[in-house]
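# please work out how this folds:
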Amino acid sequence: MPPPRGERRRAGLVSLFPAARWGTPLRRVVLGGHSRLYAPPEIPLAHLTVRAETRWIQASMTALGLSAEDLDHMLWDRVLADTLRRSGKPTIVAKTPSNVLIWRRIAACWPDARFVFLLRHPAAAVASLHAAWHPSWHPGESGSLAEAIGKGLRYMTGVEDARRSLPGFTIRYEDLTSDPEGTVRPLCDYLRVPFEPLMLEYGQFAGHRFAPGLGDASDKIRSGRIQPAVPPPPPPDIPAELTDICAAWGYLAPADGPGADRAAASVPRQRAQEKGDHTAR
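Model prediction:
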């Protein structure tokens with residue numbers, strides 16, 4: 001048997017790679033307001049897997065030259081293709097924070113996907129993550145600030161690794177909330193779709209659904225209006241564990257916090273990459 005060729009059914013994919021509490025529901029509904037982009041609620045692909053547990057089915061798949069990863073990718077693609085077909089739009093936007101933890105698999109499954117990297121002030125994101133903790137949705141977790149910092153850094157590292165390895169477009173939550181049109185227009189250029197002003201009036205689209213477990217369901221996102229970002233904590237109040245990533249992403253000057261000097265050299269490179277990756281790649 002020749003190896004599987006890995007053709008995919010879905011016609012177009014935009015994968016958003018954020019960390020948790022990165023304002024992704026807002027970006028989802030803004031993009032989903034475009035006539036050519038369908039942005040469903042969260043689909044954590046790492047939890048969508050094919051079970052091939054017995055020796056008999058494993059032997060069969062081996063004979064067909066299909067690995068467990070191949071089977072997972074076929075399932076992922078079929079689910080997104082069916083969802084996209086029913087939406088009536090040509091391109092699907094996959095937005096789930098946990099997907100950034102498997103960004104290599106997503107890039108391998110859909111090598112022609114367009115990737116969008118979402119940044120937000122790390123300390124503000126961790127504060128939001130800590131405030132949003134609820135035992136019913138996070139069993140086995142304590143809800144402590146230290147736990148939120150550890151989880152946040154895990155996602156942030158995934159975002160940064162993906163940004164360093166994949167072509168894509170970087171946007172900041174703070175830019176979207178302060179200058180919606182100036183931020184969304186170049187993003188539309190990268191996605192090769194025309195900017196549509198109605199994207200910024202997402203509250204008028206009845207198809208948007210907000211519910212616990214499917215992303216942010218707070219009153220702020222339900223308002224239907226893009227609102228200013230909550231100001232981040234002042235530099236002295238930023239947890240020491242976050243100063244390196246804050247500096248690397250340009251949110252903290254090297255002298256503003258302990259440990260930030262180790263990341264200072266990377267700030268100009270990161271800024272240059274953000275400005276150029278959507279045109280050069």
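
# would you map the strands across the stretch 51-200 of the chain?
91-95, 114-119, 169-172 (DSSP state E, counting those that start in this stretch).

# same for the last one, what does it pack against?
Packing partners of strand 169-172 (3 or more C-beta pairs under 8 Å, 6 or more residues apart in numbering; DSSP states H and E): strand 114-119, helix 180-191, helix 266-280. (C-beta placed from N, C-alpha, C; glycine too.)

# what's the average pLDDT for the last one?
Across helix 266-280, the average pLDDT comes to 42.

# can you give me the helices in the chain?
Counting by DSSP state H, one finds helices in the chain at the ranges 24-32, 55-63, 68-87, 103-109, 122-131, 145-165, 173-178, 180-191, 219-222, 243-248, 266-280.

# dump the longest one to CSV, restricted to CA.
In this case it means helix 145-165. Extracted in CSV, the C-alpha atoms of helix 145-165 (Å, rounded to 0.1, in the frame of the first residue of the first chain):
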residue,chain,number,x,y,z
LEU,A,145,-3.1,32.4,41.5
ALA,A,146,0.1,30.3,41.3
GLU,A,147,-1.9,27.7,39.3
ALA,A,148,-3.3,30.3,37.0
ILE,A,149,0.3,31.6,36.4
GLY,A,150,1.6,28.1,35.6
LYS,A,151,-1.3,27.4,33.2
GLY,A,152,-1.0,30.8,31.5
LEU,A,153,2.7,30.3,30.9
ARG,A,154,2.1,26.9,29.4
TYR,A,155,-0.2,28.5,26.8
MET,A,156,2.0,31.5,26.3
THR,A,157,5.0,29.2,25.6
GLY,A,158,2.9,27.4,23.0
VAL,A,159,1.9,30.7,21.3
GLU,A,160,5.5,31.8,21.2
ASP,A,161,6.8,28.5,19.9
ALA,A,162,4.2,28.5,17.1
ARG,A,163,5.0,32.2,16.2
ARG,A,164,8.7,31.3,15.9
SER,A,165,8.0,28.2,13.7
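
# can you give me the offset of that helix from its chain's centre?
12 Å (C-alpha atoms, centre = their mean, to the nearest Å).

# now the angle from it to helix 122-131?
Comparing the axes of helix 145-165 and helix 122-131 via axes from the mean of the first three to the mean of the last three C-alpha atoms, to 10 degrees yields an angle of 130 degrees.

# what comes up buried for helix 145-165?
Within helix 145-165, the residues scored as buried using 16 or more other C-beta atoms under 10 Å are Ala148, Ile149, Lys151, Gly152, Leu153, Tyr155, Met156, Gly158, Val159, Glu160, Ala162, Arg163.

# which elements pack onto it?
Right, helix 145-165 is packed against strand 13-17, helix 103-109, strand 114-119, helix 122-131, helix 243-248 by 3+ C-beta pairs under 8 Å, 6+ apart.

# try it again with 10 Å
strand 13-17, helix 103-109, strand 114-119, helix 122-131, helix 243-248, helix 266-280 (3 or more C-beta pairs under 10 Å, 6 or more residues apart in numbering; DSSP states H and E).

# the nearest residue to Ser87 once chain neighbours are set aside: how many residues sit nearby?
Computed as C-beta to C-beta, 6 or more residues apart in numbering, the closest residue to Ser87 that is not its neighbour in sequence is Tyr38, at 3.8 Å. Residues lying near Tyr38 (other C-beta atoms under 10 Å) number 23.

# quick one: mean pLDDT over stretch 41-48.
Mean per-residue pLDDT for stretch 41-48: 89.

# what does the pLDDT read for Asp261?
At Asp261, pLDDT is 41.

# same question but for Ala211, I mixed them up
On pLDDT, Ala211 comes in at 54.

# measure the residue of the chain most remote from its centre to Tyr190 for me?
Distance from the C-alpha centroid of the chain, by C-alpha atoms, centre = their mean, peaks at Trp56 (37.8 Å). According to C-beta to C-beta, to the nearest Å, Trp56 and Tyr190 sit 47 Å apart.

# what do you get for Leu26?
18 Å.

# Leu153 now?
For Leu153 relative to Tyr190 (C-beta to C-beta), the value is 28 Å.

# I'd like to know how many residues surround Leu37.
23.

# make sure it is actually in contact with Thr91.
Yes. With contact defined as C-beta atoms under 10 Å, Leu37 counts as touching Thr91 (5.4 Å).

# who touches both of these two?
Common neighbours of Leu37 and Thr91 (criterion: C-beta atoms under 10 Å, 6 or more residues apart in numbering): Gly12, Val14, Leu31, Leu191, Val193.
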